[in-house]
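# Give me a model of this one.
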Amino acid sequence: MLILETTRLILRPWEETDAESLYEYAKNPLVGPVAGWPVHTSVENSRQIIREVLSGDETYAVTIKNCNFAIGSVGLLIGDKSNLDIKADEAEIGYWIGVPYWGQGYIPEAIHELMRHAFEDMKISTLWCGYFEGNEKSKRVGEKCGFKFHHTENNKPWPLINATKTQHITCITKKEWTDK
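Modelled structure (predicted):
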């Protein structure tokens, strides 16, 4: 997999050696549940998540340049790998970042690079992004990156956290991104 770079960040594949830093941020209940995944329970649990989820294609550890430890994640779920009903040339973008790094612009910076990669390198036609009702931070990130509201899905079962959620779906097309 590629390594992507921004002014302040390196986006690289997840490694099992990232388990300790992943656990450090993913054990915080302010992070996972609002994004639709459970709080991590141990370093071993985080290592398992790296092996089974985060090692997937187009999923990147967000690291600050000159500090190789993971502080968050961004990734693309292409076509039928998405949680949304999207076409083969479309992708869903997902992201999270550890609480100590909130409000510093790292995730919008990472997403802008992932958008460039998706639209230019992968020839994706539309990027989709969902956020759950009440997750104002994710909503704001999407707005900063040019995503526009598309529709709302009410009473959506979310088995990972054993909940039913309201999810707002946003999107941006390659043309909209190019015209920005």
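
# Tell me where this protein is predicted with low confidence.
1 (pLDDT under 70).

# what residues are up against the residue positioned nearest the centre of the chain?
Nearest residue to the geometric centre of the chain (C-alpha atoms, centre = their mean): Y95, 1.9 Å. Residues near Y95 by C-beta atoms under 8 Å, 6 or more residues apart in numbering: 72-75, 107, 110-111, 138, 141. To be clear about C-beta, it is placed using only N, CA and C from the backbone, and glycine gets the same treatment.

# so which strand or helix has it?
Using DSSP states H and E, Y95 falls within strand 90-97.

# just checking, next helix/strand downstream of that strand?
Downstream of strand 90-97, the next assigned helix or strand under DSSP H and E is helix 106-116.

# Which stretches in this protein count as helices?
Under the criterion DSSP state H, the chain contains helices at 19-26, 32-35, 43-49, 106-116, 136-144, 174-179.

# From the contacts of Y95, pick the one nearest T59.
Nearest to T59 out of the contacts of Y95 is G75 (C-beta to C-beta; 3.5 Å).
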